[in-house]
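>>> 3D, please:
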Amino acid sequence: MTDKQFEQLEEVLNRQKLEINKENPLEFLVIEQQVHYLLSAFCGREYAWEVFRTIDSDLLRLNYLQFTTFNYRIDMSSLTSWEHVQVEGRLLLDNLRRKDAEAASLICANHFNTILWNAGTLRDIYPQFFSGQA
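Numbering: from 1, shown residues only. Model prediction:
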């Protein structure tokens, strides 16, 4: 990645960090989508971005439910869902700068797998969002 690309990614992550304090899950999701787009564009994988956009409504629904459901502190040492995503972004940026592809790959995999790990729990909590009924 170029220095300019690192700066762009860092700028979006900084905007995302500001949204944590505003507690606006929709704006946070928009910024999260910008992070995903930048990463795919920087890798020359805009087609992958377009494929994900076709299932975006499902992913956005799961992310929204995840951020609004798991966005509380169990104790002072725990991260909220929003903070967790923000830390993942910073770790990803740091590992990309160090050119540690294995660590960056692990962070990306965990980021996307979190949606899968939480999908069953969210389906149990909010069956109305998964039943196909409005």
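>>> Just the buried positions in the longest helix seen in the chain, please.
Taking DSSP state H as the criterion, the chain has its longest helix at helix 101-125. Neighbour-count burial for helix 101-125 flags A104, I107, H111, T114, N118, L122 (criterion: 16 or more other CB atoms under 10 Å). Just so you know, the C-beta spots here come from the backbone N, C-alpha and C atoms, and that holds for glycine as well.
>>> Same list (those residues) but as JSON lines, adding pLDDT and distance to L59.
Shown next, in JSON lines, are these (pLDDT from 0 to 100; distance: CB to CB, whole Å):
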{"residue": "A104", "pLDDT": "93", "distance to L59": "21"}
{"residue": "I107", "pLDDT": "94", "distance to L59": "18"}
{"residue": "H111", "pLDDT": "87", "distance to L59": "12"}
{"residue": "T114", "pLDDT": "86", "distance to L59": "12"}
{"residue": "N118", "pLDDT": "85", "distance to L59": "12"}
{"residue": "L122", "pLDDT": "89", "distance to L59": "12"}
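>>> Could you identify the most distant pair in the residues you listed?
For those, the maximum inter-member distance is 26.9 Å, found between A104 and L122 (CB to CB).
>>> which residue sits closest to T68, ignoring its sequence neighbours?
P25 (5.4 Å; CB to CB, 6 or more residues apart in numbering).
>>> Show me what the longest helix of the chain is packed up against.
Secondary-structure packing of helix 101-125 (3 or more CB pairs under 8 Å, 6 or more residues apart in numbering; DSSP states H and E): helix 56-69, helix 81-97.
>>> one more time with 10 Å, if that's ok
Applying 3 or more CB pairs under 10 Å, 6 or more residues apart in numbering; DSSP states H and E, we find helix 101-125 packed against helix 25-42, helix 56-69, helix 81-97.
>>> Dump the ones you listed into a markdown table; add distance to K17, mean pLDDT and mean neighbour count as well.
What follows is the helices and strands packed on helix 101-125, written out as a markdown table (distance: least, CB to CB, whole Å; pLDDT from 0 to 100; neighbours: other CB atoms under 10 Å):
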| stretch | distance to K17 | mean pLDDT | mean neighbour count |
| --- | --- | --- | --- |
| helix 25-42 | 9 | 88 | 18 |
| helix 56-69 | 14 | 80 | 16 |
| helix 81-97 | 5 | 90 | 18 |
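>>> All good on my end, thank you.
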